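Enquirer: Show me the folded form of this:
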Amino acid sequence: MEGGNSDESGGSGSGSSTTNSVEISKQKEKSRVSRTSLILWHAHQNDSNAVKKLLEEDKSLVHARDYDNRTPLHVASLHGWIDVAQCLIDYGADVNAQDRWKNTPLADAEGAKKKNMVELLKTYGGLSYGQNGSHFEPKPVAPPLPNKCDWEIEPSELDFSTSVIIGKGSFGEILRACWRGTPVAVKRILPSLSDDRLVIQDFRHEVNLLVKLRHPNIVQFLGAVTERKPLMLITEYLRGGDLHQHLKEKGSLNPATAINFALDIARGMTYLHNEPNVIIHRDLKPRNVLLVNTSADHLKVGDFGLSKLIRVQNSHDVYKMTGETGSYRYMAPEVFKHRKYDKKVDVFSFAMILYEMLEGDPPMASYEPYEAAKYVAEGHRPVFRAKGYIPELRVLTEQCWAADMNQRPSFLEILKKLEKIKDNLPSDHHWNLFTT
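Expert: Numbering: from 1, shown residues only. Model (predicted):
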């Protein structure tokens, strides 16, 4: 207190010296704040000369942020001010800086339809992510593919002399081929699409996801051809075909088999949904569940072309991603309605697969896929018809396709429920022992 009194009366002691230094510090900070506001204001006003003058005086202002964490480059990009943006980039602006909504300058430019700005930012390595971006993820998966990867496969090592087409899509085809004497599945992009920017981006995204995955119930990635055309993705070849074909041939499964199949799918999905690095499959359906061999005693989840890797802060994070992603017949209502959704969309799809395994027919089989998805989105669900439903399995199916995604169990919870049902299943159980 004495020091304070001395300062107020104009004393010249050490207290006065301290106060002066604090005041100087405050003035500097105030000056700094005003200069931050200035560069953001001049960027907004398309005054490239004023922006350049400020940067000549203080280069660090190129990284200035407002209360929404937006940089001068964000401001210029949103308005399409090319000269201001070029000046900022010349002074070292971060072209992929993110604001409080995780938007990059390119995402803002795309959202505002500033075509010239979009081209400029892409020239300097700009990426489009954030809530305004064309590829929203709370934290984007960085483009993988350094020049030489230990998984890069030399095309000459792939033998297509006895290849067989095992799948087709709009992107290309999947073939059974040989790699170093081993049967493999090769997803090959059509030559006509090998220069398509979005196709290449999706292909690289799938490769980058698969590189990270190691689990007995996930189809194993072996390598890819990324440096030559056609682009190819190589995974293990599973001789048993897919669950769709198996159910078409066999019809409804007995309870023990259905539960074992469901356990394999749930194990793979529990792994994918592990936090904080959650992978949402987004296209879980019988065609994307593969049988390891013709004995049909083991399943693996495959085809991650539509999957998304999301780094989440907690289990309640919800994402705004592309609506109507995946296959209509197995699609969660929130996806069909273009609403925000989370990893529980996979749980809904799982319920539809479980229903199909127990019934022998696809859900809403009398409807066309789009009409089926629309009917489900209106609140309807498939009708249980098969005799012999174990009550616990029916309850689990209904929980998994709940309209409120928050009411659906996690795959870890599903695993525990299935294991309990399996433990309580009589060894001589058959469908005709029960009636619905």
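
Enquirer: Low-confidence regions, the stretch 101-250 of the chain specifically.
Expert: 131-148, 169-170 (pLDDT under 70).

Enquirer: Now for the closest residue to residue 292 other than its chain neighbours, how many residues are close by?
Expert: Leaving out its chain neighbours, the residue that sits closest to residue 292 by C-beta to C-beta, 6 or more residues apart in numbering is residue 298, at 4.1 Å. Just so you know, the C-beta spots here come from the backbone N, C-alpha and C atoms, and that holds for glycine as well. The tally of other residues near residue 298 (other C-beta atoms under 10 Å) stands at 16.

Enquirer: pLDDT score assigned to residue 298?
Expert: Per-residue pLDDT puts residue 298 at 90.

Enquirer: Also the one 10 residues further on?
Expert: Model confidence at residue 308, given as pLDDT, is 51.

Enquirer: Equivalent analysis for residue 405, please.
Expert: Note on residue 405: pLDDT of 94.

Enquirer: And the strands in this structure, which stretches?
Expert: Along the chain, the stretches classed as strands by DSSP state E are 158-168, 172-179, 182-189, 221-225, 232-236, 277-280, 289-291, 299-301, 308-311.

Enquirer: Tell me which residues of the third one come out buried.
Expert: For strand 182-189, the buried set under the neighbour-count rule, 16 or more other C-beta atoms under 10 Å, comprises 184, 185, 186, 187, 188, 189.

Enquirer: Identify the residues contacting the closest residue to residue 231 other than its chain neighbours.
Expert: Using C-beta to C-beta, 6+ apart and skipping the chain neighbours, the partner closest in space to residue 231 is residue 189 (4.3 Å). Neighbouring residues of residue 189 by C-beta atoms under 8 Å, 6 or more residues apart in numbering: 171, 172, 199, 203, 229, 230, 231, 232.

Enquirer: now swap in residue 219 and tell me
Expert: By C-beta under 8 Å, 6+ apart, residue 219 lies in contact with 185, 235, 236, 238, 290, 300, 301, 302, 303.

Enquirer: check contacts around the last one.
Expert: Contacts for residue 303 (C-beta under 8 Å, 6+ apart) come out as 219, 283, 287, 288.

Enquirer: What's the separation between the first one and residue 349?
Expert: As for residue 219, its distance to residue 349 is 17 Å (criterion: C-beta to C-beta, to the nearest Å).

Enquirer: Then the second one?
Expert: When distance is defined by C-beta to C-beta, residue 283 is 8 Å away from residue 349.

Enquirer: got it, and the third one?
Expert: Computed with C-beta to C-beta, the distance linking residue 287 and residue 349 is 12 Å.

Enquirer: Compare those two (neighbour count), which wins?
Expert: Using other C-beta under 10 Å as the criterion, residue 287 and residue 349 rank with residue 349 on top: 28 against 17.

Enquirer: give the contact list for the spatially closest residue to that one that is not a sequence neighbour.
Expert: Nearest residue to residue 349, sequence neighbours excluded (C-beta to C-beta, 6+ apart): residue 284, at 3.8 Å. By C-beta under 8 Å, 6+ apart, residue 284 lies in contact with 265, 269, 301, 326, 330, 346, 349, 350, 353.

Enquirer: what's the farthest-apart pair in those?
Expert: The most widely separated members of the contacts of residue 284, counting by C-beta to C-beta, are 265 and 326 (15.6 Å).

Enquirer: Which one's more surrounded, the two?
Expert: Neighbours were counted for residue 265 and for residue 326 using other C-beta under 10 Å; residue 265 has more, 27 against 22.

Enquirer: Isn't that one up against residue 351?
Expert: No: using C-beta atoms under 8 Å, residue 265 is not in contact with residue 351, being 11.1 Å away.

Enquirer: Do you have the helices of the stretch 301-436 of the chain handy? List them.
Expert: Assigned by DSSP state H, counting those that start in this stretch, the stretch 301-436 of the chain shows helices spanning 333-336, 344-359, 369-377, 391-400, 411-423.

Enquirer: still on that earlier bit, residue 378: which of the strands of the chain is closest?
Expert: The closest of these to residue 378 is strand 277-280. By C-beta to C-beta, the value is 23.9 Å.

Enquirer: Buried residues, the closest one. List them.
Expert: 278, 279, 280.

Enquirer: For that strand, which strands pair with it and how are they oriented?
Expert: strand 308-311 (antiparallel) (DSSP bridges).

Enquirer: that older thread, what pLDDT does the model give the residue nearest to residue 349?
Expert: On the pLDDT scale, residue 284 gets 93.

Enquirer: how far away is it from residue 338?
Expert: Distance of residue 284 to residue 338, given as C-beta to C-beta: 19 Å.

Enquirer: quick check: domain ranges of the chain?
Expert: Using automatic domain parsing, the domain parsing of the chain gives 26-123, 155-236, 243-433.

Enquirer: about what we covered before: turn the contacts of residue 284 into TSV, columns for distance to residue 255 and pLDDT.
Expert: Output for the contacts of residue 284, formatted as TSV (distance: C-beta to C-beta, whole Å; pLDDT from 0 to 100):
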residue	distance to residue 255	pLDDT
265	16	97
269	21	96
301	22	95
326	28	53
330	22	94
346	23	95
349	21	96
350	17	98
353	15	97
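
Enquirer: Out of the residues you listed, flag the one nearest to residue 215.
Expert: residue 301 (8.7 Å).
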